[in-house]
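Enquirer: structure for this input, please:
(one chain, ligands or ions: 1)
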Amino acid sequence: MEKTYLTIAKIIFEPVIMVNDSMADGTGWKRFALKTKKTEVDTVKSFYFESKESPMYFVPGQHVIMRFHDLEGDQRGKMRHFSISTSPLEGKYIGITTTVDPNGSPFKKKLDSIKVDEDVDILGPVGNFTFESKIWNDRNIVLIAGGIGITPFRSMIRYALSTSGNFRIHLFYSSKSGKEFIFRDEIDKMAATDKRLRIFYTSTGETASGTPNTHSGRIDADFITTNVEDLVNSFFYICGPPRIVEEIAGTVRSGLGVEKDRIKIEQFLGY
Ligand SMILES: Cc1cc2nc3c(=O)[nH]c(=O)nc-3n(C[C@H](O)[C@H](O)[C@H](O)COP(=O)(O)OP(=O)(O)OC[C@H]3O[C@@H](n4cnc5c(N)ncnc54)[C@H](O)[C@@H]3O)c2cc1C
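Expert: Okay, the predicted model is just below:
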């Protein structure tokens, strides 16, 4: 009995990476079937897939690579990287969340056209932009998302709040419009029920509204220092389109004087 508890505790506090335990075609690609599709805001949708082989175990924050074998005419090729937006505790599903714009690429049009139970090829999980209990415990964790860069943070936050870890998460979330905060209702609910999560929204366009922590303009040094106590003991994660990530990482390093080894970044190449 004790062994079982230890195993469960280990899974809960230290998710294990088991990459490609079933090498379907000798290259690590696995077949997944689309199970649900959901519009989050405007042109952003989530797609939930279930493995047709062994389940995929991942650490919150990791990403997968998706491929459409038969895709033609996309200048950027048949593959895209997507952070996993679901938490490992959401069962057998792997969720990704992305923009599907009417002016979008052939890849996105193909993704949006697939039907429930249709297959896609997925490789992964990969990446070290991850939740790590040894980093998070007894710390301020500052998560900074530029727009779609919220995706790995949804996974990390949902997972982290399900543990008994002693951390304090400050989520800074910027969007072009106050109406475009993906996962906003869900994140607000998590913050309302768990004091370890505090959220700071900012909109670079139309003003955000609805919570006390809304601001206008870019995420800058002042915005962070006003809201994060004990910066010296804080660990930073920054995610989003490359231009935004570079700008914010520069601010955190030069403006706030945070050492490189206390910053993790994930750049969504392609935006
Ligand atoms: C580690 C990693 C993780 C990532 N995670 C995610 C993730 O979780 N979610 C995510 O969405 N992306 C993620 N990305 C980026 C992803 O891989 C794609 O590069 C990105 O979604 C853009 O996809 P796309 O090239 O199909 O272009 P699209 O999404 O179709 O378009 C990108 C932009 O170009 C514009 N555009 C495209 N085609 C046209 C056109 N013909 N005319 C005018 N405008 C056009 C669109 O309006 C849009 O603004 C990640 C990348 C990396 C490296």
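Enquirer: packing partners for the helix or strand containing Lys110?
Expert: Here Lys110 is covered by helix 106-113, with elements defined by DSSP states H and E. The contact analysis (3 or more CB pairs under 8 Å, 6 or more residues apart in numbering; DSSP states H and E) places helix 106-113 against strand 93-99. Quick note: C-beta positions are derived from backbone N, CA and C, even for glycine.
Enquirer: distance from the strand it packs on to the middle of the chain?
Expert: 9 Å (CA atoms, centre = their mean, to the nearest Å).
Enquirer: let me know the secondary structure of Arg80.
Expert: The three-state assignment at Arg80 reads strand, by DSSP: H, G, I helix; E, B strand; the rest coil.
Enquirer: and the pLDDT for it?
Expert: Note for Arg80: predicted pLDDT of 97.
Enquirer: what's the separation between it and Arg262?
Expert: Distance of Arg80 to Arg262, given as CB to CB, to the nearest Å: 30 Å.
Enquirer: who's more crowded, these two?
Expert: Neighbours were counted for Arg80 and for Arg262 using other CB atoms under 10 Å; Arg80 has more, 21 against 17.
Enquirer: where does the stretch 151-271 of the chain get nearest to the ligand, residue-wise?
Expert: Gly270 (1.8 Å; CB to the nearest ligand atom).
Enquirer: which ones are touching that residue?
Expert: Gly270 makes contacts with 76, 80-81, as judged by CB atoms under 8 Å, 6 or more residues apart in numbering.
Enquirer: how much space between it and Lys260?
Expert: Separation of Gly270 from Lys260 (CB to CB): 25 Å.
Enquirer: with Gly61 instead?
Expert: For Gly61, the distance to Lys260 - CB to CB - is 18 Å.
Enquirer: of the two, who's got more company?
Expert: Gly61 (26 against 10).
Enquirer: please name every helix or strand in contact with the longest strand along the chain.
Expert: Counting by DSSP state E, the longest strand found in the chain is strand 30-41. Under the contact criterion of 3+ CB pairs under 8 Å, 6+ apart, strand 30-41 touches strand 44-51, strand 93-99, strand 119-126.
Enquirer: let's see 10 Å
Expert: Here strand 30-41 touches strand 44-51, strand 63-67, strand 93-99, helix 106-113, strand 119-126, helix 184-193, going by 3 or more CB pairs under 10 Å, 6 or more residues apart in numbering; DSSP states H and E.
Enquirer: what's the angle from that strand to strand 44-51?
Expert: 160 degrees (axes from the mean of the first three to the mean of the last three CA atoms, to 10 degrees).
Enquirer: 347 is where my numbering starts, stick with that
Expert: Understood, numbering begins at 347; the last thing we discussed is strand 376-387.
Enquirer: mind listing what's buried along strand 376-387?
Expert: 376, 378-380, 386 (16 or more other CB atoms under 10 Å).
Enquirer: show the average pLDDT along that strand.
Expert: 96.
Enquirer: name every strand pairing with it and say which way it goes.
Expert: strand 390-397 (antiparallel), strand 465-472 (antiparallel) (DSSP bridges).
Enquirer: so can I have TSV of the ones you listed showing mean neighbour count and distance to the ligand?
Expert: Listed next are the strands paired with strand 376-387 as TSV, based on neighbours: other CB atoms under 10 Å; distance: least, CB to the nearest ligand atom, whole Å:
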stretch	mean neighbour count	distance to the ligand
strand 390-397	20	8
strand 465-472	19	8
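Enquirer: who wins for proximity to Arg413 among the ones you listed?
Expert: With CB to CB as the criterion, Arg413 lies closest to strand 465-472 of the strands paired with strand 376-387, at 4.4 Å.
Enquirer: what's the mean pLDDT across the closest one?
Expert: Mean pLDDT, computed over strand 465-472, is 95.
Enquirer: beta partners of Val488?
Expert: His516, Phe582.
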